[in-house]
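K.L.:
Just need the structure, nothing else, for what follows:
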Amino acid sequence: MVPGALLGRNTTNITNDVVVSQIRAVAKLVSSEATVRDVIVYENTWYGSTKRSLVVVTGRLFAGIDFRDNPDVSIDHARRVIRIRIPPAKLIAVEIRNMETYDEQGGLWNPFTPEDRNLIQRQARAQLTAAGGQLELIRHANESAIELLKMLLAKDGYTVDVALRR
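P.N.:
Numbering: from 1, shown residues only. Reported below is the predicted structural model:
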């Protein structure tokens, strides 16, 4: 019989499976986001006829941890320590919220086509992604995820040691 069971006290049993299943239930943890605005300058010349466009794009960048890449978990029951190694954060999504065209000039033999607008959209996504690297969004996402996991998993006197897997 478990001590304290006669008195009606509940006991908690923490195992690797419990910790891993709690983490996997999240799947992806968005731990940092930023709104970014950038200017897209598009230019295309064909047979001496140039078309140009100036577009301002606003987007949201979401960075976080993908827990489908199995975290490493070990539990030291004697010392009451849970050790977790998680994959590093990455850019999870780029959401284009708004695109405003401020200037668009088609060439005489080179008018704008739907493909041009698709190219502008792809260029906008690439520029917003690059801006995320300059904002240190990934670093912030790593730090936020580590702190959040420490708070969520510290139960019943266990301390949680979370680090990035290299």
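
K.L.:
Could you report the distance from the closest residue to F112 other than its chain neighbours to L135?
P.N.:
The spatial neighbour of F112 that comes closest, neighbours along the chain excluded (CB to CB, 6 or more residues apart in numbering), is G106 at 5.1 Å. The way it works is simple: take the backbone N, C-alpha and C, and place the C-beta from them, glycine included. Distance, G106 to L135, using CB to CB, to the nearest Å: 35 Å.

K.L.:
Surely the residue nearest to F112 touches K51?
P.N.:
Yes - counting by CB atoms under 8 Å, K51 is a contact partner of G106 at 4.8 Å.

K.L.:
if I look at those two, which residues touch both of them?
P.N.:
Common contacts of G106 and K51 (CB atoms under 8 Å, 6 or more residues apart in numbering): F112.

K.L.:
Neighbour count: these two, which is higher?
P.N.:
More crowded of G106 and K51, by other CB atoms under 10 Å: K51, with 20 against 16.

K.L.:
Report the central residue of the chain.
P.N.:
With distances taken as CA atoms, centre = their mean, A63 lies nearest the centre of the chain, 1.9 Å away.

K.L.:
tell me the contacts of the residue lying closest to that one once chain neighbours are set aside?
P.N.:
In space, and not counting its chain neighbours, A63 is closest to A141: 3.8 Å by CB to CB, 6+ apart. The contact partners of A141, taken as CB under 8 Å, 6+ apart, are 30-32, 63-65, 89.

K.L.:
Swap in 6 Å and give it another go.
P.N.:
By CB atoms under 6 Å, 6 or more residues apart in numbering, the contact set of A141 is 31-32, 63-64, 89.

K.L.:
hang on, the earlier thing: roughly how far apart are the residue nearest to the centre of the chain and M151?
P.N.:
Counting by CB to CB, the gap from A63 to M151 is 19 Å.

K.L.:
Please enumerate the helices of this structure.
P.N.:
Assigned by DSSP state H, the helices in the chain fall at 16-24, 114-134, 137-153.

K.L.:
Tell me which of the ones you listed sits most buried.
P.N.:
Mean neighbour count (mean count of other CB atoms under 10 Å) peaks for helix 137-153 among these, with a mean of 18.

K.L.:
follow-up on the earlier one: dump the contacts of A141 to CSV, plus distance to V73 and pLDDT.
P.N.:
Output for the contacts of A141, formatted as CSV (distance: CB to CB, whole Å; pLDDT from 0 to 100):
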residue, distance to V73, pLDDT
S31, 19, 77
S32, 23, 86
A63, 23, 91
G64, 19, 88
A89, 18, 89
